[in-house]
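>>> the sequence and its predicted three-dimensional model are supplied below.
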Amino acid sequence: MADLSCNIAGVTSPNPFWLASAPPTDKQINVERAFAAGWGGVVWKTLGEDGPPVVNVCSRYGSVDYNGSRMMGLNNIELITDRPLQINLDEITAVKKAWPDRAVVVSLMVPCTEQAWRDILKRVEQTGCDGVELNFGCPHGMSERGMGSAVGQVPEYIQDVTGWCKSHTQLPVFVKLTPNISNIRYPARAAHAGGADAVSLINTINSITNIDLDTFAPMPTVAGKGTHGGYCGPAVKPIALSMVSEIARDEETRGLPISGIGGISSWSDAAEFIAMGCGSVQVCTAAMHHGFKIIDDLCDGLSNWMDDKGFTCLEDFRGRAIANTTDWQYLDLNYKTLALIDQDKCIECGLCHIACEDASHQAISHHKENGKRVYTVINDECVGCNLCALVCPVPDCISMIEVDNGKPYMNWTQHPNNPMSN
Amino acid sequence: MSHSRTSPRDVTAGRLGQEQLAENFRDLHPPLNEMQAAIEASRCLFCFDAPCLEACPTGIDIPGFIRKISSGNTRGAAITILSENIMGGTCANVCPVEELCEQVCVKNTAESKPVTIGKLQRFATDHLFAAGIQPFQRAAGSGRKVAVVGAGPAGLSCAHRLAMLGHSVSVFEARPKAGGLNEYGIAAYKMVDERAAKEVEFILSIGGITLHTDKALGVDFSLGNLRSEFDAVFLGLGHNACNQMDLDNEEAPGLHNAVDFISRIRQEDLSELQVGRNVVVIGGGNTAIDIAVQCRQLGAEMVTLVYRRGPADMSATDYEQEIAQTHGVLIRCWAVPYSIQADDDGVHSIIFEQTAMDESGRLMGTGQFYDLQADQVFKAIGQHFDEDLLDSDDCPAMENGRIRIDAERRSSLSDVWAGGDCVPGSDLTVTAVQDGKLAALSIHQFLSQSLAVSE
């Protein structure tokens, strides 16, 4: 069995699966249940400054269901912890003491003053936790009060707050980034410049999941009104993976440890984020949907896949996808594939034909032969776009076959059609 | 060869209590609930050029209506169904989907299990009926009158479409109730809760249709009368005579036509229906299955269905045969009735001769016999159309004992159309509905043209 142990910015855990800062990590009882189930670490739900806690509304969640599957995407309008600071600190202390091998990182969000950050850091350090995560991400509620994504959208603030935190604590500092910006590299560079030990991303995305067509109010609805919330769950994974890749590839931030977050629901999702350079991965929606028990397959599946691949530890494949992620302009324009339909596997649904006919290049013909519907690729028309293979419901029925056209690698920067190339 | 009675004929009502009867005659398959429907609908691939659509005799846009169920547009789904097949509610229950749409579903290849189209169709149509919606409207009145003879699936389908197109329709039905086979001829557990009657009510609610029950062709009126009184006539006469075995004692007490008893099961109090302890059913179609299973449900101890050829030759589908077997019916193939043993008290046994195929593929007796004790015997060896009820001097041309029609369901008489079981072709409800629909469209065209000429 592969070694799943994880070390990111000096924070270690027996496996890379952490529960993200969210309702599952709000209380000792939840966190201990998670650790008992096998989770490698948690980022404790965000603590605010001392004083009267925030107040939450009900209801708090909206869901995007798709074709019978619940919670393809989830949004929430819950704020940071609504429990008194000292209770949280006491519970964090107790948990870390009882589970010394697990990663316990504490998420923090206080007003944008050095004093506020220094005060809370001093108290958090005493819990024995392994690190802090600066919540510059939450896009709802707290941002209206100048915190969360209101900070994360201004690189200068990120750099300042990160700098304050680094100067007031010895704990590793993770900076959690909001995706609600135009270019993720700027906040990441700011965190790096401020001395961040790692970045965590993505936080949730601004969203209104749906409108109740009876009341005409956004969901979740609070007394007939709704507001935008933070979107997460399987639907956001591609966005998160892309943003992770930007930071992993950026010259300024290359090598900066990343804790990957965003729709991670299975071991293969996790493997993809690690391959894109992530140290640990954080999970929330999948656990909120199915409970902590999913950790069994997350670990077991990752380990079995690593065994199959001959990887003995996470370092063996961490970052392996980074070099293969490039800019469009460097893709080989002379690379050619054609769709090939395996007629023995074809179930005659015709989805490839109609997709190509209506939405692509009219490159799949259909006719009947002895009562059987036969769909055939017209090679001269096929642009190798892959749409047919994606809509085909049968695994491996349509393959994209590389065609050796004898042409050498040529990208856009070299192409004669590019006015900038010469 | 002759056998004497071993015990008095045991035929009695009330073999089972009311509760057990109610349990036995409830829905064969409960309807899908919303969650089941959503899951099942999500299995549909929305095929291009879908084979199910092609396999449906009425051409229902099956992928289209299933997608509407998926999206929560259940009323739209029902209207998609009913636009092509006004009896889509009944067909959802009685169509041999295993030989039509579901047989060709691509999910058979992919998952060895088709999308359960019939059940989804029922889900959609039940929804519309429960909401009491009549989604179709009549066009402005054409002033033309059409007579429809027979209020079965063909006649009602024709009447509804004609009414939609603005014509005035008079429907003449020989029996006391409309619905035809749906009301009188289909097993009770496939048509629970007055389903057939409610469907008739739904169809008639479009307006423009006058129903005359207890009015029989050849008794109360003639085809000639109708042709002179109406602008066009549609004959949806159905089967009106049962095939006979042509054996001695065929009229003996205790020997019945299956369709008559099925009709009584549909119409009468189940606890008062007399059923034998030992029942023998002769035949291999769905009627044979329906009577055999329902005799078991009424409390018959032993029901044996005897068919002259092999299981694969039975016109009852595999699915129907399975229903019989899981309800405790013993199916015996390769035997034909040889003689009916009866005395003054009635039938007491049937002697069967075993059969086999000869080398040329012809069915022949083997000279081997066996004897089945029977308190009650049901013949389900087919029905036919008795043309005697048509006027001899004004009769449309026939073809193999049925009314000959063209592709538009028009007979050799220019103002007479026909469909359903009285014309050649399959004897399914769904094909009867299609006959009625196509005939109505053709009649409409005929009336529109003749209207134009007369103007």
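Cool, the structure landed.

>>> using PDB, write out every CA atom in stretch B:423-434.
The C-alpha trace of stretch B:423-434 is given here as PDB (Å, rounded to 0.1, in the frame of the first residue of the first chain):
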ATOM      1  CA  VAL B 423     -59.600  -5.100 -40.800                       C
ATOM      2  CA  PRO B 424     -56.500  -7.200 -41.600                       C
ATOM      3  CA  GLY B 425     -53.400  -6.800 -39.500                       C
ATOM      4  CA  SER B 426     -52.500  -7.000 -35.900                       C
ATOM      5  CA  ASP B 427     -55.100  -7.100 -33.200                       C
ATOM      6  CA  LEU B 428     -53.500  -4.700 -30.700                       C
ATOM      7  CA  THR B 429     -55.300  -1.800 -29.100                       C
ATOM      8  CA  VAL B 430     -52.500   0.500 -30.200                       C
ATOM      9  CA  THR B 431     -52.900  -0.400 -33.900                       C
ATOM     10  CA  ALA B 432     -56.700   0.100 -33.600                       C
ATOM     11  CA  VAL B 433     -56.100   3.600 -32.200                       C
ATOM     12  CA  GLN B 434     -53.800   4.300 -35.200                       C
END
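
>>> what sits up against it?
For stretch B:423-434, contacts defined as Cβ atoms under 8 Å, 6 or more residues apart in numbering or on different chains pick out B:56-59, B:85-87, B:90-91, B:94-96, B:100, B:152-154, B:157, B:181-182, B:186, B:236, B:239, B:399-400, B:402-405, B:409, B:419-421, B:435. Bear in mind the C-beta positions are built from the backbone N, C-alpha and C, glycine included.

>>> drop anything exposed from those.
Neighbour counting by 16 or more other Cβ atoms under 10 Å in any protein chain shown classes B:56-58, B:85-87, B:90-91, B:94-96, B:100, B:152-154, B:157, B:181-182, B:186, B:236, B:239, B:402-403, B:405, B:409, B:419-421, B:435 among those as buried.

>>> where does the stretch 101-250 of chain A dip in pLDDT?
Nowhere does the stretch 101-250 of chain A drop to pLDDT under 70.

>>> would you pull up the residue in it closest to chain B?
At 10.1 Å from chain B, residue A:213 is the closest residue in the stretch 101-250 of chain A, using Cβ to the nearest Cβ.

>>> that residue: neighbouring residues, count only.
By the criterion of other Cβ atoms under 10 Å in any protein chain shown, residue A:213 has 7 neighbours.

>>> contact partners for it?
By Cβ under 8 Å, 6+ apart, residue A:213 has no neighbours at all.

>>> now it: how far from residue A:219?
Relative to residue A:219, residue A:213 is positioned 10 Å away (Cβ to Cβ, to the nearest Å).

>>> do the same with residue B:128
28 Å.

>>> if you count what's nearby, which of these two comes out ahead?
residue B:128 (22 against 19).

>>> helices or strands up against the host helix or strand of the more buried one?
The secondary structure element spanning residue B:128 is helix B:117-131 (assigned by DSSP states H and E). Helix B:117-131 sits against helix B:34-43, helix B:62-70, helix B:74-84, helix B:88-94, helix B:101-104, helix B:195-204, with contacts defined as 3 or more Cβ pairs under 8 Å, 6 or more residues apart in numbering or on different chains; DSSP states H and E.

>>> how far does that helix sit from its chain's centre?
The chain centroid and the centroid of helix B:117-131 are separated by 19 Å under Cα atoms, centre = their mean, to the nearest Å.

>>> mind saving the C-alpha coords of it as PDB?
Listed in PDB are the C-alpha atoms of helix B:117-131, where the atom choice follows Å, rounded to 0.1, in the frame of the first residue of the first chain:
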ATOM      1  CA  ILE B 117     -41.500   3.400 -21.600                       C
ATOM      2  CA  GLY B 118     -44.900   1.900 -20.800                       C
ATOM      3  CA  LYS B 119     -44.600   2.800 -17.100                       C
ATOM      4  CA  LEU B 120     -43.400   6.300 -17.900                       C
ATOM      5  CA  GLN B 121     -46.300   6.800 -20.300                       C
ATOM      6  CA  ARG B 122     -48.700   5.800 -17.600                       C
ATOM      7  CA  PHE B 123     -47.000   8.200 -15.200                       C
ATOM      8  CA  ALA B 124     -47.500  11.100 -17.600                       C
ATOM      9  CA  THR B 125     -51.100  10.300 -18.700                       C
ATOM     10  CA  ASP B 126     -52.200   9.500 -15.100                       C
ATOM     11  CA  HIS B 127     -50.900  13.000 -14.100                       C
ATOM     12  CA  LEU B 128     -53.000  14.600 -16.800                       C
ATOM     13  CA  PHE B 129     -56.100  12.600 -16.000                       C
ATOM     14  CA  ALA B 130     -55.800  13.300 -12.300                       C
ATOM     15  CA  ALA B 131     -55.600  17.000 -13.000                       C
END
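
>>> cool, thanks, signing off.
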